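Predicted model and sequence below, questions to follow.
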Amino acid sequence: MTETAELPKPAQKIDPKLVNAWKTKAGRDLTEAELLAMPESVYMNDKQLDFFRVRLQQQKDDLLSSAGETTEHLREDTSIVPDPVDRATIEEEHALELRTRDRERKLLKKIAQSLTRLDSGEYGFCDETGEPIGLQRLMARPTASLSLEAQQRREMKQKMFGD
């Protein structure tokens, strides 16, 4: 699946009650609605950075937890199964689980890169254009490093010229 396919629906009307709610809360306590209600002039302020740092760290912790469960699951299923069909089923399940963990390993690398970008002040801005990526895109894909337009250009080039 491409990165552009996971964007949320266009923004709805902002609730006037939320417009100033962010001023009294810590970044980690903000809701998505409160984050979206923040004015564009405060893009990637300390509270937004804190919000995304917590989100990325939680995603990282969840992935690491599930990786540990996979290791345990693979160890449990190593018993000898005499029926070849059952054995093939177990091996296919293991292969699928390992492919999933490989994708998660790549995502962990992107999360680490995003956390580094947070620390350096580059988070939330496109690698190619330097323009803001946008809060909605970052909520849908916190590891995004390209704006929607730059990502679409990259995907178009990949389709035309291969990887």
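Everything's here; your move.

CA atoms only for the helix or strand Met139 falls within, dumped as PDB, please.
Secondary structure from DSSP states H and E places Met139 in helix 135-140. Output of helix 135-140 as PDB, limited to C-alpha atoms (Å, rounded to 0.1, in the frame of the first residue of the first chain):
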ATOM      1  CA  LEU A 135      -1.000  17.700  10.800                       C
ATOM      2  CA  GLN A 136      -3.500  15.500   9.200                       C
ATOM      3  CA  ARG A 137      -0.900  13.600   7.200                       C
ATOM      4  CA  LEU A 138       1.300  13.300  10.300                       C
ATOM      5  CA  MET A 139      -1.600  11.900  12.300                       C
ATOM      6  CA  ALA A 140      -2.300   9.300   9.600                       C
END
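
Go ahead and measure how far the helix or strand just after that helix is from the middle of the chain.
Scanning forward in sequence from helix 135-140 by DSSP H and E, the next helix or strand is helix 148-161. Offset of helix 148-161 from its chain centre (C-alpha atoms, centre = their mean, to the nearest Å): 19 Å.

ok, and for helix 148-161, which residues are buried?
Leu148, Ala150, Gln151 (16 or more other C-beta atoms under 10 Å). In this view, the C-beta of every residue, glycine as well, is placed from N, C-alpha and C.
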